[in-house]
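Student: Provide a 3D model corresponding to the input given below.
(4 chains)
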2 protein chains.
Amino acid sequence: MKIESRLQSAGLRATPKRIAIGGLLFDGCDRHVTADDVSILARESGIRVSLATVYNTLNQFVSAGLMKRITLDTDRTYFDTNVSEHHHLFFEENGVLHDIPGHSIRVEGLPEAPNGAKVRSVEVIVRMTGDKQ
Amino acid sequence: MKIESRLQSAGLRATPKRIAIGGLLFDGCDRHVTADDVSILARESGIRVSLATVYNTLNQFVSAGLMKRITLDTDRTYFDTNVSEHHHLFFEENGVLHDIPGHSIRVEGLPEAPNGAKVRSVEVIVRMTGDKQ
DNA sequence: GTGTTTGCAAAGTGTTTGCAATTTA
DNA sequence: TAAATTGCAAACACTTTGCAAACAC
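Tutor: Numbering: from 1, shown residues only, chains lettered A, B, ... in the order given. Model prediction:
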């Protein structure tokens, strides 16, 4: 789908920076990026965009359901273009992150949600050591 | 076990601040605390300790294997007195965290560790909405 | 006595925000 | 033209660090 339409169906105006950043990220691959990654990626592609705008844009993409925020590490936030239910394999040594498809893992024995509460997500994080990625 | 001996068996000198902070945390209950929680807890108990020392002490406890660091949220680090293998139920609205015993959950279908890599941990995080705790 | 610990203030890092200028519908 | 977006710099929150004084062994 064209970036512009994708933004619009998600309720976001198709502005130049959103189109540019979206163009870098929504290319069909599953991408795990930090704001800094995007900033560098943009610069390398000749796109001028401030870091603040990168943050704002990524946050808007998350709110609009175009990306997922992943917390693995206190000092950087990963943004994931794969918004389907899935899990993560994280190599702590080098920060490399791989997806584990949601359907390949089964979690059994989850506790019941207390009354009034709802399960928002079940995430499995497999942390690895050793720098093979 | 006495705090002093516990610190010493973990290879830490039994200094006043470590004894004081350890005394607040290692009371047999499973506790999830942030550095700020500990700082407040200490003040309430009449223990004078700087926030820097709270951070240093918690990090030393983690390195010594007396606590576990839990990452759920980019902007605060939780420290857990439960060092056994277990999982977490996290109420995002109010930051409340509950343990799920490791043996009650089974994760099936985990991918193989690539050669040279080793699984350090498998964490399941169940995120809840709704402010029932 | 020697090396570790502690507190303070300062530095550091990743992220958000206020505001003026610009752009979009 | 009214409302949203963008960039910049400043603000922010959490965490770590450098250094001098105090302390443990």
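Student: Quick one: mean pLDDT for the helix of greatest length in chain A?
Tutor: The single longest helix within chain A, with elements called by DSSP state H, is helix A:51-63. Averaging the model's pLDDT scores along helix A:51-63 yields 96.
Student: Quick one: list the elements packing against it.
Tutor: If you count contacts as 3 or more C-beta pairs under 8 Å, 6 or more residues apart in numbering or on different chains; DSSP states H and E, helix A:51-63 packs onto helix A:16-25, helix A:35-44, strand A:76-80. C-betas here are computed from N, CA, C, even on glycine.
Student: List the contacts of A:His87.
Tutor: Contacts were defined as C-beta atoms under 8 Å, 6 or more residues apart in numbering or on different chains; by that measure A:His87 touches A:99-102, A:105, A:123-126.
Student: Just send these back as TSV, with pLDDT, secondary structure and neighbour count too.
Tutor: Below are those laid out as TSV (pLDDT from 0 to 100; DSSP: H, G, I helix; E, B strand; the rest coil; neighbours: other C-beta atoms under 10 Å in any protein chain shown):
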residue	pLDDT	secondary structure	neighbour count
A:Asp99	93	strand	15
A:Ile100	94	strand	17
A:Pro101	93	strand	13
A:Gly102	92	helix	14
A:Ile105	94	coil	20
A:Glu123	95	strand	22
A:Val124	96	strand	22
A:Ile125	96	strand	19
A:Val126	95	strand	21
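Student: What is the most widely separated pair among the residues you listed?
Tutor: Pairwise distances across these (C-beta to C-beta) peak at 14.7 Å, for the pair A:Pro101 and A:Ile125.
Student: next SSE after the longest helix of chain A?
Tutor: Counting by DSSP states H and E, the next helix or strand C-terminal to helix A:51-63 is strand A:68-73.
Student: ok, what's across the strand from A:Val124?
Tutor: Legend: beta-bridge partners of A:Val124 under DSSP bridges are B:Val124.
Student: what residues are up against the residue nearest the centre of chain A?
Tutor: For chain A, the residue nearest the mean C-alpha position is A:Asp80 (1.5 Å; C-alpha atoms, centre = their mean). Residues in contact with A:Asp80 (C-beta under 8 Å, 6+ apart) are A:30-32, A:67-70, A:99.
Student: how close does the residue lying farthest from the centre of chain A sit to B:Gly95?
Tutor: Taking C-alpha atoms, centre = their mean, the residue of chain A most remote from its mean C-alpha position is A:Asn115, at 30.3 Å. Between A:Asn115 and B:Gly95 the distance is 20 Å, computed by C-beta to C-beta, to the nearest Å.
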